[in-house]
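>>> I'd like to go over a predicted model; first the sequence, then the structure.
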Amino acid sequence: MRELIKDRPLAYGFIEDGNLHSLIKWPFTEEVSVFQPVGKSLVDFIRFDRDFMTSVFEILLVRYMQAKEHKNDYNFIAAVLWEVAMKHSLIGTNNYLTVYVLSYIHLLLEGEVDPRILVGEKADVLTKYIQSLDLGDPQDDSFFAKQELTGLYMDLIEERQLNVEATLSLVLEQREIDGLTPIQRYYELEQTDEEFRKYWHSDFVMKLGKKADGYDVQHFAVLENIDDMLRFELVQTLVQGIGFKRCKNCGMLFVPSGRSDTLYCDFIADGEEYSCRKIGANRQAKEKVAKDPVLQEHRRAYQRLNKRKEFGYMEEAEFKAWAKEAALLRKQCQEGTITFDEYKAWLDETSLQDKK
C-alpha cells in the first residue's frame with residue numbers, strides 16, 4: 001500500500017463554471033469530489049485555526065482507539081473513521097481539510113505519514129518521531145503517544161498555513177509598492193526568488209480526460225502533492241482575476257460571495273458570536289442611522305412603540321399599521337415631499353402618548 005500512496009497523485013484538478021474541482025482518493029476511500037469557487041478553498045484553509053483542527057483529529061483519534069479495541073481489523077477501522085469524517089462534514093467541504101483529514105486517517109491506519117503532504121521544516125520532525133515509534137509497543141501505540149503525534153501533525157499543517165497566508169499577502173497586496181498586477185508579481189517572484197520558487201513553482205502536468213458522468217472531455221491538472229494543489233489554485237485564481245478582499249471586521253483575506261462590493265467575510269472571528277458579515281451589516285446600519293437624523297427619529301419612535309407593544313399596551317395590528325405609515329412618511333421626508341420638522345412632529349404625536 002505504501003507504493004500505491006507514494007506513486008499516486010494526491011488529486012486531479014480542473015476548472016469549470018468558475019469552480020475549482022478536485023478529485024481525491026485514498027486506498028480506503030471512494031473517490032471524493034470537492035468543488036468550491038476558485039480561490040475560496042485557499043483562503044478558507046488559512047482560517048482553520050489550531051483548536052478547530054486539533055478537535056477534528058482528536059475526534060478521529062478517539063474513534064480509532066475505540067474501533068481498534070472493538071475489532072482490530074483494517075477495513076473495519078477504516079470504515080468507522082470514514083463514517084465519522086462524513087458525519088462531521090470533514091470530507092468534501094474544503095480541498096485542504098479533506099486532504100489533511102484523509103491523510104491523518106492514513107497515518108492512524110498505516111503508522112506512516114503520507115509523503116505527499118510532507119512539506120517544510122516540521123516534516124522532518126514528524127517523520128523522525130514516526131520512525132522512533134514501535135507500534136507493537138503498547139506505550140508507543142497508546143492514546144497519549146498518538147496525541148503527541150497529532151500535535152506534530154498539526155505543526156506541519158500550521159506551518160503550511162502561515163506560508164500560504166504570507167504568500168497571498170505578498171502576491172495580492174503589493175501593487176502600491178511595485179505597480180505589478182498579482183499575476184505579474186507571481187511570475188517575477190517565481191523567476192527571481194529561490195525561497196518562493198521552492199514552494200510555488202507552478203509546473204503541472206496537464207492532461208485530457210473524460211468526465212465520469214458523460215462524454216465531455218476535460219483539461220485537468222495532475223497534482224502530485226499538497227504543494228501542487230495549493231499552486232494550482234493560486235495560479236488559477238490569478239489567471240482568472242478572482243477578487244480577494246480583507247474583511248473590515250477580522251482583517252483576514254476572503255473571496256466575496258454574492259456581491260463583489262461586500263466588505264465582510266462569512267467567518268465567525270475569534271471571540272465573536274456572529275459572522276463578520278452579520279456584524280458588518282449591523283455596524284453599517286448603525287453608522288447609517290447615526291448619519292441620518294430622519295432615520296434617528298424614526299428609530300427612536302419605533303423602539304418606543306415596540307416596547308409598548310411588548311408590554312401589552314398596544315395591539316400587534318395597531319403597531320404594524322403605525323410602522324407601515326411611519327415608513328411611508330419617512331420615504332416622503334427623504335424625498336423632500338414633507339419636511340423633517342413635519343415628519344418629527346408626526347412621530348412625536350403618534351409615539352409620545354400616555355399608556356392606555
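That came through, no problem.
>>> Which parts of this protein belong to which domain?
What automatic domain parsing lists as the domains of the chain is 1-242, 292-351.
>>> Including mean neighbour count, mean pLDDT and distance to residue 248, could those go into a markdown table?
For every residue, glycine as well, the C-beta is placed using N, CA and C. As requested, the domains of the chain are arranged in a markdown table below (neighbours: other C-beta atoms under 10 Å; pLDDT from 0 to 100; distance: least, C-beta to C-beta, whole Å):
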| stretch | mean neighbour count | mean pLDDT | distance to residue 248 |
| --- | --- | --- | --- |
| domain 1-242 | 17 | 87 | 15 |
| domain 292-351 | 15 | 87 | 20 |
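>>> do you know which of the ones you listed lies nearest residue 265?
domain 1-242 (8.4 Å; C-beta to C-beta).
>>> picking that back up, would you turn the domains of the chain into JSON lines with distance to residue 262?
Formatted as JSON lines, these follow (distance: least, C-beta to C-beta, whole Å):
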{"stretch": "domain 1-242", "distance to residue 262": "14"}
{"stretch": "domain 292-351", "distance to residue 262": "22"}
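>>> what helix or strand does the spatially most central residue of the chain sit in?
With distances taken as C-alpha atoms, centre = their mean, residue 44 lies nearest the centre of the chain, 2.6 Å away. Element membership of residue 44, judged by DSSP states H and E, is helix 40-45.
>>> Using PDB, write down the CA coordinates of that helix.
Only the C-alpha atoms of helix 40-45 are listed here, as PDB (Å, rounded to 0.1, in the frame of the first residue of the first chain):
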ATOM      1  CA  LYS A  40     -12.200  30.100  -1.700                       C
ATOM      2  CA  SER A  41     -10.600  26.800  -0.500                       C
ATOM      3  CA  LEU A  42      -7.300  28.600  -0.500                       C
ATOM      4  CA  VAL A  43      -8.400  31.500   1.800                       C
ATOM      5  CA  ASP A  44     -10.600  29.200   3.900                       C
ATOM      6  CA  PHE A  45      -7.600  26.900   4.500                       C
END
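>>> Now tell me what touches it from outside.
Around helix 40-45, the neighbours that count as contacts under C-beta atoms under 8 Å, 6 or more residues apart in numbering are 20, 34, 36, 94-97, 161, 164, 168, 230, 233-234, 237, 244, 252-255, 257.
>>> Which ones among those map onto helices?
Counting by DSSP state H, the contacts of helix 40-45 place 95-97, 161, 164, 168, 230, 233-234, 237 in helices.
>>> for residue 28, what are its contacts?
74-75, 78, 82, 105-106, 109.
>>> Which of the three states applies to it?
Following DSSP: H, G, I helix; E, B strand; the rest coil, we place residue 28 in the coil state.
>>> Looks like residue 111 contacts residue 130 (just checking).
Yes. With contact defined as C-beta atoms under 8 Å, residue 111 reaches residue 130; the gap is 7.1 Å.
>>> ok, residue 42 to residue 236 distance?
10 Å (C-beta to C-beta, to the nearest Å).
>>> ok, now residue 71?
43 Å.
>>> Dump the contacts of residue 28 to JSON lines, plus secondary structure.
Converted to JSON lines, these look like this (three-state DSSP):
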{"residue": "74", "secondary structure": "helix"}
{"residue": "75", "secondary structure": "helix"}
{"residue": "78", "secondary structure": "helix"}
{"residue": "82", "secondary structure": "helix"}
{"residue": "105", "secondary structure": "helix"}
{"residue": "106", "secondary structure": "helix"}
{"residue": "109", "secondary structure": "helix"}
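>>> Quick check: the two most widely separated of the residues you listed?
Among those, 75 and 106 lie farthest apart (C-beta to C-beta), at 14.0 Å.
>>> so what's the backbone phi/psi at the nearest residue to residue 108 once chain neighbours are set aside?
Setting aside the residues directly before and after it, residue 108 is nearest to residue 64 in space (C-beta to C-beta, 6 or more residues apart in numbering), at 4.7 Å. With angles defined as degrees, to the nearest 10, residue 64 sits at phi -60, psi -50.
>>> ok, now which ones touch residue 64?
77, 80-81, 108, 146.
>>> Next: residue 88.
56, 59 are the contacts of residue 88 under C-beta under 8 Å, 6+ apart.
>>> for the one 10 residues further on, same thing?
By C-beta under 8 Å, 6+ apart, the contact list for residue 98 reads 22, 24, 32, 34, 90-92.
>>> TSV for the residues you listed, including distance to residue 339 and secondary structure?
Converted to TSV, the contacts of residue 98 look like this (distance: C-beta to C-beta, whole Å; DSSP: H, G, I helix; E, B strand; the rest coil):
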residue	distance to residue 339	secondary structure
22	61	strand
24	65	strand
32	64	strand
34	58	strand
90	60	coil
91	61	coil
92	58	coil
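>>> Tell me which two of the residues you listed sit farthest apart.
Going by C-beta to C-beta, the pair spanning the contacts of residue 98 furthest: 22 and 90, at 15.1 Å.
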